[in-house]
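1. Quick one, structure for this:
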Amino acid sequence: MTDCFVCTKHKTLSPDLAMNIDGYNDFVVAHAPDRTADSTNLIGTLIIEPRVHVQNWSELNPQQAAQLGSLIGRVTGILYAHSQIEHVYTWVFGDAVSHLHVWLMPRYKGTPREYWGIKVTEWPEAPKGGLVQMASFIKELNALTSKAETA
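-> Predicted coordinates for the structure are as follows:
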């Protein structure tokens with residue numbers, strides 16, 4: 001598909017916004033894009049996407065689906081290894097973009113209960129920022145990934 005937002009994003013994705021996870025070359029793991037005018041994205045929001053254009057889980061073959069499930073578990077574990085993250089939400093909405101993408105949304109330590117779930121991005125004290133902060137966070141996660149692989 002030539003006009004897919006996600007497929008186009010894969011071609012132009014800055015390497016400093018992507019995670020390096022060996023064995024999962026059929027998927028892209030990257031920080032959610034900066035779509036705010038004031039660079040106030042929730043830092044640590046990741047999206048996992050198949051490199052091949054599929055609209056939903058049912059279009060993955062069993063091996064791809066198993067690998068995606070394994071990758072979600074692996075990346076979620078890396079997020080939990082981050083010292084400030086106490087919970088990770090996993091969401092698939094699929095309403096606005098016709099390319100399967102799985103959101104991994106962190107909830108940071110100290111987040112009041114009224115900001116749990118889909119309101120996690122509304123917590124005024126949540127770590128927020130733009131491209132510089134996103135790249136820094138991905139660098140931290142890649143370091144955690146390297147430690148886990150050598151342990």
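2. Every contact and neighbour count from this point should use C-alpha atoms.
-> Noted.
3. What are the boundaries of the helices in this protein?
-> With DSSP state H, the ranges of helices along the chain come out as 5-12, 62-81, 131-150.
4. So which bits of the second one are buried?
-> Burial within helix 62-81, assessed by neighbour count using 16 or more other Cα atoms under 10 Å, is assigned to 64, 67-68, 71-72, 75-76, 78-80.
5. Any stretches of this structure with poor pLDDT?
-> 1-2, 147-151 (pLDDT under 70).
6. give the contact list for the residue nearest the centre of it.
-> Centroid-nearest residue in the chain, with Cα atoms, centre = their mean: residue 46, separated by 1.4 Å. Each residue near residue 46 by Cα atoms under 8 Å, 6 or more residues apart in numbering is listed here: 29-32, 103-105.
7. and what of residue 41?
-> 34-35, 121, 128-130.
8. Kindly recompute the last result at 7 Å.
-> Residue 41 sits next to 34, 128-130 when contact means Cα atoms under 7 Å, 6 or more residues apart in numbering.
9. give me the number of residues near the closest residue to residue 29 other than its chain neighbours?
-> Nearest non-adjacent residue to residue 29, counting by Cα to Cα, 6 or more residues apart in numbering: residue 48, 4.6 Å away. Using other Cα atoms under 10 Å, residue 48 has 22 neighbouring residues.
10. Just list whatever residues bridge to residue 48.
-> Counting by DSSP bridges, residue 48 is bridged to residue 29, residue 102.
11. can I assume it is in contact with residue 99?
-> No: here residue 48 lies out of contact with residue 99, judged by Cα atoms under 7 Å, at a distance of 10.8 Å.
12. Now do the same contact list for residue 40.
-> Contacts of residue 40 by Cα under 7 Å, 6+ apart are 128-130.
13. one step back: next one: the residue nearest to residue 29 from residue 121, what distance?
-> Noted for residue 48: a distance of 19 Å to residue 121, by Cα to Cα, to the nearest Å.
14. repeat for residue 14
-> On the measure of Cα to Cα, residue 14 and residue 121 end up 24 Å apart.
15. number of nearby residues for the spatially closest residue to residue 122 that is not a sequence neighbour?
-> Excluding the flanking residues, the one nearest residue 122 by Cα to Cα, 6+ apart is residue 115, at 6.6 Å. Neighbourhood size, residue 115 [other Cα under 10 Å]: 15.
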